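> no FASTA, just this:
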């Protein structure tokens, strides 16, 4: 097989799209010793699968092998071991941190309760609220009355303009009856 086909098979293998025959081709390829440099990183994986598939154990050996692998895994992962004297220090520091947190919460709650009490004591009485509302409504009433006075002045002005227009119409009619020839010649209508 050429390298391009192997790379394509690897891509499909990691996507889970290969058949058993194609997987066997990959395992056979990675059993060889002369593998290109860019594919060597995959070789340990396939060699592990081949070694595990060839391993046959009896029922007693399975338990021992499984326990050995579990211990090996735990030995690799649990590198942090705490000295018994340090455990006590960890417990004491955890209790101290919890105590500091508890004291901080008590002071915070007490402070908030004090603020709420202060706010409740400084709220205005109903009589004060009534007087302030009455004062605000009086200011609005004065503003409206001022506006109504201006509207009344505008009505007076409108009435005066209406009377001027009636006088103007009367003047035009009077001019027609007194000087009818002047109405026919617009150039003399100055």
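Cool, the structure landed. Because the structure is a prediction, the values reported are computed rather than measured.
> ok, which stretches of this protein are helices?
Ranges of helices within the chain are 3-15, 20-31, 43-54, 59-77, 84-121, 126-178, 180-184, based on DSSP state H.
> Can you give me the domain assignment for this protein?
The record assigns the chain these domain ranges, following automatic domain parsing: 1-55, 142-190.
> Can you say which of the ones you listed is packed in most?
Burial of the domains of the chain is given as mean neighbour count (mean count of other C-beta atoms under 10 Å); domain 1-55 ranks first at a mean of 12. Glycine gets a C-beta too; all of them are placed from N, C-alpha and C.
> pLDDT (mean, whole number) over stretch 47-60?
Mean pLDDT, computed over stretch 47-60, is 74.
> could the helices of the chain be laid out in CSV, adding distance to residue 37?
Shown next, in CSV, are those (distance: least, C-beta to C-beta, whole Å):
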stretch, distance to residue 37
helix 3-15, 11
helix 20-31, 14
helix 43-54, 11
helix 59-77, 28
helix 84-121, 47
helix 126-178, 87
helix 180-184, 118
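> Out of the domains of the chain, the one nearest residue 134 is which?
domain 142-190 (12.8 Å; C-beta to C-beta).
> among the domains of the chain, which gets the worst mean confidence?
Among the domains of the chain, domain 142-190 scores lowest, with a mean of 74.
> Take the domains of the chain and lay them out in CSV including distance to residue 130.
Listed next are the domains of the chain as CSV, based on distance: least, C-beta to C-beta, whole Å:
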stretch, distance to residue 130
domain 1-55, 79
domain 142-190, 19
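> For residue 62, find the nearest of the ones you listed.
domain 1-55 (10.1 Å).
> for residue 92, what are its contacts?
Residues in contact with residue 92 (C-beta atoms under 8 Å, 6 or more residues apart in numbering): none are found.
> so for stretch 92-112, what's the average pLDDT?
pLDDT averaged over stretch 92-112 gives 86.
> Figure out how far it is from the centre of its chain.
Here stretch 92-112 is found 31 Å from its chain centre; the criterion is C-alpha atoms, centre = their mean, to the nearest Å.
> now swap in stretch 41-61 and tell me
On C-alpha atoms, centre = their mean, the centre of stretch 41-61 falls 50 Å from the chain's centre.
> contacting residues around that stretch?
Applying C-beta under 8 Å, 6+ apart, the contact partners of stretch 41-61 are 10, 26, 27, 30, 31, 35, 65.
> Export those as TSV, with columns for distance to residue 134.
Below are the contacts of stretch 41-61 laid out as TSV (distance: C-beta to C-beta, whole Å):
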residue	distance to residue 134
10	88
26	93
27	96
30	95
31	100
35	97
65	94
